[in-house]
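> Next one to model:
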Amino acid sequence: MARDSIDNGINGAKRELLAEKESDIFEEARDRHQISLAATSDDRNLAKEDFLFGEGEGHWDDDVVTTASAATPQLTINLTDALVNRVVNNIKEQRPRGKAHPVGDGADIDRAKVINGIGRHVEYRSQASVAYDTAADCAVRAGWGYARLVAEFISPDSFKKDLRILPIDNIFSVYDDPAAIMPTGCDRNWLLIAITMPRTEYRRRYPRMDNVSWSDSGNNEYRLDWESKEEIRLAEYFRIREKTDTLYRLRSADGKEYNKYKSDLKNFANPGGEIIDERESYKREVQWFQLNGTRVVEREILPGTLIPVARCQGNARNVDGRVKRRGMIRAMKDPQRMVDYGETAKIMRLGLASKSKYIAAEGQLDGHPEWTTSNVEPIPTLVYKPVTIETAQGEVLLPPPTPIPPAQVEAGFTEFVQGMRSNLLAVSGMPNEPGQDAQGQVVSGKAIQRRDKLSDQSHIQYYDNQTLMIADLWRMILEYIPVTYNEPGRVQRIIGDDGKPSMQTLNMVGPNGLENDVTTGDYDVMMDTGPGYDTKREEGAENLLELLQTPALAEIVAKTAPDLVFRSIDHPYMEEIADRLAAQTPDGLKKIMEELPERARNIIQALSQQNQQLQQGLKEAQEGLTKDKLMATVKAHDVEVSNETKRMDVQSRDQTALAIAAMKVHGTLADTEIKTAGKILDTHVQAGHDARAAERAIEAGEQAEKGNGSSSPG
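Numbering: from 1, shown residues only. From the prediction side, this is the model:
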């Protein structure tokens, strides 16, 4: 037996190197299936029990302590499933999101945005949340789960392909490489997935292949039963081959440098650039085979360097060279069984003490059989027969039948069950539940938030491993995009960060070369964790509304981005209001223009230019009108000043003449003095006139300037 094992191991190692024929490939897949099954059989059996336990099965075992007798009930208070669902639902609320970041070889930020939009498109069309949540749920319950990426034709009448992320709801159909130690299995070298296909579909797709049954496949105990009556069971076999190849460093005509394998150059004599360096290297090739019971029915070389299946791991420990995986349920089994046992014992105790009894004198119940069922049936009136007895004091009427109160359930039962529940919560990582507080005790919201945080910290490994799985799926998408979306001028839907779709033309030849070229460049994946977009939008709305309470910040928001406030509010008509406001700001109008078709943009730009010309003409007309008004005001003021001056001159001459006449009458001044005094009076009067005229000119100028300011365009 030992010699047979050694021979099988040697032959298996040879097949790993030489398995190129269909028969050898099938035997290699068979051997690896057995290797995976032998390495993971214990975990598989325990995981099946965990799944069933979470569904309420297996809560009562054969242990004499926790097993009720045949005459007593076996209650199942399935708190395990409720606690597991809390963890799974918390993961769903904070699903991580992948983002491509440029690394080198022609990658840039603009193309990374396009690639991110394609990745979100793949997630949207795949309903990838189903795959992500299914894998996380299996990891939390049993210890591991899977999701996969496939490339498929868009429709039966199309040659274009698109990507899809699919769930694997049966983790026991996957036989993984036990040597893969990374949580996502990204370091695996092979993997098998057992699938079923209707026989009619199988005959349609593979009309020349044998549809053999188990009896035709020989008596080899290692062969698999691939078929049933209605369906044929097939296997998808993935393996990685590392083939030697020459790696070239090329420089294109525009000076950009990039790497290419010799096998990837379609025309090696003219590789499209200058070879500046080369070295011997190896190339990872992902091979895929479809197997039936005896042979390979289909094969293909897949893009990239990773087997397109990602694992979501729960709790994993390497014990003596063997990795053991488990989820939450395995540690919760015994505390859950004790809760079931305590509740059952409590019910049994209550059942024995629930029927009250009566003490009655002999003969009191004669003729009244309703007393025998009065403790279990609703009887409105109980009639008894009065009975008297003879005493030393004479005949005495006995009292009516007296009920005996039922025995109370001991406090120990309640404390026992409560203690078992506390143990279950502690093992599940939720030791501080709001329901554990004393009755009437008030707990603050911050205290509850801290408790939730403690519970989240107990299960962060599940969330973290799901993040790693999604990151690996995005890396696979990045490897598939250059091959799947490589058609020149392909019009592709992409989805932005805000969830809004738009159409982009990929690999389009422009004046500066290829635009939106997704076939070149090295990108890596960075994960954006935390609440989803909808949750962030709700939080953002609250923060914006708080900012608007500060007048200075409210003024800035109102001038620069009023539409963002309304977009953050999840309410009908808010998007319509935001669109109207966005058109009133330069940045908002620019974004709206980018989303419009080219014809509509041209029409709007022409109307905008006409509007600017009209505004410029109106401004010039207003400026000309203002100057005319100012000149008319100055002329009118000059006429008024001239008239006033003439009037004052006449008045001054009259006053001077009167003064001279008065002086002559009195004879108090000589002629020379009279002439001198007349000149002085004329000078003072003229100075007063000039001062008043200057003041009026200044006032007229100020009024004209104010009029000019009020009539100019705002």
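
> Would you map the strands across the stretch 101-250 of the chain?
If DSSP state E, counting those that start in this stretch is used as the criterion, the strands of the stretch 101-250 of the chain fall at 144-153, 161-168, 174-176, 190-198, 231-251.

> Tell me which of these approaches M420 most closely.
Nearest to M420, of all the strands of the stretch 101-250 of the chain, is strand 144-153, at 29.2 Å by Cβ to Cβ. Heads up, the C-betas are built off the backbone N, CA and C, glycines and all.

> With mean neighbour count, distance to D517 and mean pLDDT as added columns, please give the strands of the stretch 101-250 of the chain in a markdown table.
Compiled in a markdown table, those are given as follows (neighbours: other Cβ atoms under 10 Å; distance: least, Cβ to Cβ, whole Å; pLDDT from 0 to 100):
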| stretch | mean neighbour count | distance to D517 | mean pLDDT |
| --- | --- | --- | --- |
| strand 144-153 | 21 | 20 | 95 |
| strand 161-168 | 20 | 18 | 95 |
| strand 174-176 | 22 | 36 | 94 |
| strand 190-198 | 18 | 32 | 89 |
| strand 231-251 | 17 | 16 | 88 |
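
> Mind checking those strands for the one nearest to L506?
Closest among the strands of the stretch 101-250 of the chain, using Cβ to Cβ: strand 161-168, at 12.6 Å.

> That closest one pairs with which strands?
Based on DSSP bridges, the pairing partners of strand 161-168 within the sheet are strand 144-153 (antiparallel).

> how far does stretch 360-375 sit from the chain's center?
Relative to the mean C-alpha coordinate of its chain, stretch 360-375 is positioned 70 Å out (Cα atoms, centre = their mean, to the nearest Å).

> Identify each buried residue in it, please.
Buried residues in stretch 360-375, defined by neighbour count with 16 or more other Cβ atoms under 10 Å: A360, A361, Q364, L365, W371, S374.

> My guess is the second one contacts V387. True?
Yes. Using Cβ atoms under 8 Å as the test, A361 is close enough to V387 to be in contact (5.0 Å).

> Need the overlap of contacts for these two.
Common contact partners of A361 and V387 (Cβ atoms under 8 Å, 6 or more residues apart in numbering): L398.

> Roughly how far does R164 sit from L618?
58 Å (Cβ to Cβ, to the nearest Å).

> Save the strands of the stretch 101-250 of the chain as CSV, and put in distance to R311 too.
CSV is the format used below for the strands of the stretch 101-250 of the chain (distance: least, Cβ to Cβ, whole Å):
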stretch, distance to R311
strand 144-153, 6
strand 161-168, 10
strand 174-176, 7
strand 190-198, 9
strand 231-251, 13
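
> since we're on V309, how many residues are nearby?
Look at V309: counted by other Cβ atoms under 10 Å, it has 25 neighbours.

> ok, now which ones touch it?
Y146, A147, R148, L149, I168, V174, G185, L191, I193, F238.

> for these, which one is nearest Q127?
Among those, and counting by Cβ to Cβ, the member closest to Q127 is A147, at 11.8 Å.

> Need the pLDDT of the residue nearest to that closest one when sequence neighbours are not counted.
Using Cβ to Cβ, 6 or more residues apart in numbering and skipping residues adjacent in sequence, the residue nearest A147 is A131, 4.0 Å away. For A131, the pLDDT comes out at 95.

> Quick check: A131 touching P167?
Yes. Taking contacts as Cβ under 8 Å, A131 lies within contact range of P167: 3.9 Å.

> residues shared between the contacts of these two?
Joint contacts of A131 and P167 (Cβ under 8 Å, 6+ apart) are A147.

> how much space between the closest residue in space to E236 that isn't next to it in sequence and L250?
Spatial nearest neighbour of E236, excluding adjacent residues (Cβ to Cβ, 6+ apart): I193 at 4.5 Å. Separation of I193 from L250 (Cβ to Cβ) stands at 38 Å.

> circling back to that earlier point, export the contacts of V309 as a markdown table, with columns for distance to I477.
What follows is these, written out as a markdown table (distance: Cβ to Cβ, whole Å):
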| residue | distance to I477 |
| --- | --- |
| Y146 | 16 |
| A147 | 12 |
| R148 | 12 |
| L149 | 7 |
| I168 | 17 |
| V174 | 20 |
| G185 | 17 |
| L191 | 18 |
| I193 | 19 |
| F238 | 17 |
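
> Which of those sits closest to Y523?
The closest of the contacts of V309, once distances to Y523 are taken by Cβ to Cβ, is L149, at 15.9 Å.

> what bridges to that closest one?
Applying DSSP bridges, one finds that L149 bridges with I165.

> quick one, what contacts it?
Per Cβ under 8 Å, 6+ apart, neighbours of L149: L163, R164, I165, L166, P308, V309, A310, L473, M476, I477, Y480.

> try 7 Å this time
Contact analysis of L149 by Cβ atoms under 7 Å, 6 or more residues apart in numbering lists L163, I165, P308, L473, M476, I477, Y480.

> Among the residues you listed, which are located in strands?
Among the contacts of L149, the residues falling in strands (DSSP state E) are L163, I165.

> Of the contacts of L149 - the most surrounded one?
Counting neighbours by other Cβ under 10 Å, L473 leads those with 29 neighbours.

> Using the three-state scheme, assign the closest residue to that residue other than its chain neighbours.
Among residues not flanking L473 along the chain, A310 sits closest, at 5.1 Å (Cβ to Cβ, 6+ apart). Look at A310: counting by DSSP: H, G, I helix; E, B strand; the rest coil, its state is strand.

> residues contacting A310?
Taking Cβ under 7 Å, 6+ apart as the test, what A310 contacts is Y146, A147, T184, G185, M469, D472, L473.

> hey, what's it bridged with?
Per DSSP bridges, the residues bridged to A310 are A147.

> Secondary structure element for the nearest residue to L544 once chain neighbours are set aside, which one?
In this structure, L544 finds its nearest non-sequential neighbour in V565, 5.1 Å apart by Cβ to Cβ, 6+ apart. Taking DSSP states H and E as the definition, V565 sits inside helix 562-567.

> what separates R188 from T244, distance-wise?
22 Å.

> And R295, by the same measure?
29 Å.

> try S252
S252 is 26 Å from T244, by Cβ to Cβ.

> Provide the secondary structure category for P406.
Criterion first, three-state DSSP; result for P406: coil.

> count of residues packed around it?
14.

> cool, the one 4 residues further on as well?
Burial of E410, expressed as a neighbour count using other Cβ under 10 Å, amounts to 11.

> check contacts around it.
Contacts of E410 (Cβ under 7 Å, 6+ apart): none.

> what's the answer for R120, then?
I495.

> before we move on, what about the one 4 residues further on?
By Cβ under 7 Å, 6+ apart, Y124 lies in contact with I495.

> could you measure it against R97, distance?
12 Å.

> can you check L398 too?
83 Å.

> More neighbours: these two, which one.
R97 (19 against 15).

> Look up the closest residue to that one, ignoring the ones flanking it.
D528 (4.6 Å).

> just to revisit the earlier point, show the subsequent helix or strand relative to the helix holding V565.
helix 574-582.
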